[in-house]
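Colleague: no sequence for this one, just the structure:
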């Protein structure tokens, strides 16, 4: 019985991998994006659907870099955050509810980036633990309210798998130690950086187009 089960597990893993790889990729329609030609972006504080309160500002702090590297002018996040506070808007939910035309009136940007963090933090499993950050985003034209682009990305600090030795007890101890270490140093912040890079770096399949400050502008 045990030998039969050992033969079945690898087959199940392979079948799962094949099914996952067979999932169709979303085709991105760039017609509205190319027509709008946004040059400046205001990044709104991300909505946080995870239980970790650090998710919003951890993602926000790292979201501007890939956009700026991709050729866009990005309004400074501290200026944007303070402007919202001065106008009585202190939560991402309230900020995401502001009309696009009002955002354009206040900041003068061409487009706004709306991010939602769906997963942020360390998850404990039987033989391991992993810090996972998952987010989705949309870019909205502030002149028309049209959604120009949508995307999603995820990253984990355990993408290379678990290579712990020492048998069952060794794996359990290693998982517990890893979870404690991740919680102490906020491993989520580093993983969030990888997630934002995957989500917002232009040139990726299904990703944002390059902005006008990039030498790759209108070439992809």
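Modeller: Received it, and whenever you're ready, just let me know what you need. The structure displayed is predicted, hence computed values, not measured ones.
Colleague: so what's the residue most central in space within the chain bridging to?
Modeller: Nearest to the mean C-alpha position of the chain, by C-alpha atoms, centre = their mean, lies residue 135 at 3.6 Å. Following DSSP bridges, residue 135 is listed with bridge partners residue 117, residue 153.
Colleague: same thing with the one 5 residues further on?
Modeller: With beta bridges defined as DSSP bridges, residue 140 has these partners: residue 112, residue 147.
Colleague: measure it to residue 31 for me?
Modeller: When C-beta to C-beta, to the nearest Å is the yardstick, residue 140 and residue 31 sit 15 Å from each other. In this view, the C-beta of every residue, glycine as well, is placed from N, C-alpha and C.
Colleague: give me the more crowded residue out of these two.
Modeller: Between residue 140 and residue 31, residue 140 has the larger neighbour count (other C-beta atoms under 10 Å), namely 22 against 8.
Colleague: how about the contacts made by that one?
Modeller: 100, 111-114, 146-148 (C-beta atoms under 8 Å, 6 or more residues apart in numbering).
Colleague: try it again with 10 Å
Modeller: 36, 38, 41, 44, 100, 103, 111-114, 146-150 (C-beta atoms under 10 Å, 6 or more residues apart in numbering).
Colleague: do the same with residue 197
Modeller: 62-63, 65-66, 69, 153, 155, 204.
Colleague: and for residue 77?
Modeller: Applying C-beta under 10 Å, 6+ apart, the residues contacting residue 77 are 42-45, 57, 60-64.
Colleague: take those residues and keep only those in strands.
Modeller: Those of those mapping onto strands are 42-43, per DSSP state E.
Colleague: returning to what we had before: now the buried members of the contacts of residue 140.
Modeller: 36, 38, 41, 44, 100, 103, 111-114, 148-149 (16 or more other C-beta atoms under 10 Å).
Colleague: possible to save those as TSV with pLDDT and distance to residue 27?
Modeller: Converted to TSV, the buried ones among the contacts of residue 140 look like this (pLDDT from 0 to 100; distance: C-beta to C-beta, whole Å):
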residue	pLDDT	distance to residue 27
36	96	19
38	98	21
41	98	23
44	97	26
100	97	25
103	97	28
111	98	21
112	98	24
113	98	21
114	98	21
148	98	15
149	97	13
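Colleague: contacting residues for residue 64?
Modeller: By C-beta under 10 Å, 6+ apart, the neighbours of residue 64 are 41, 43, 72, 74-77, 80, 113, 196, 200.
Colleague: hmm, try it at 8 Å
Modeller: Counted by C-beta under 8 Å, 6+ apart, residue 64 has contacts 43, 74, 76-77.
Colleague: would you verify that residue 82 is located in a helix?
Modeller: Yes. Under DSSP: H, G, I helix; E, B strand; the rest coil, residue 82 falls within a helix.
Colleague: so how far is residue 90 from it?
Modeller: In terms of C-beta to C-beta, residue 82 sits 11 Å off from residue 90.
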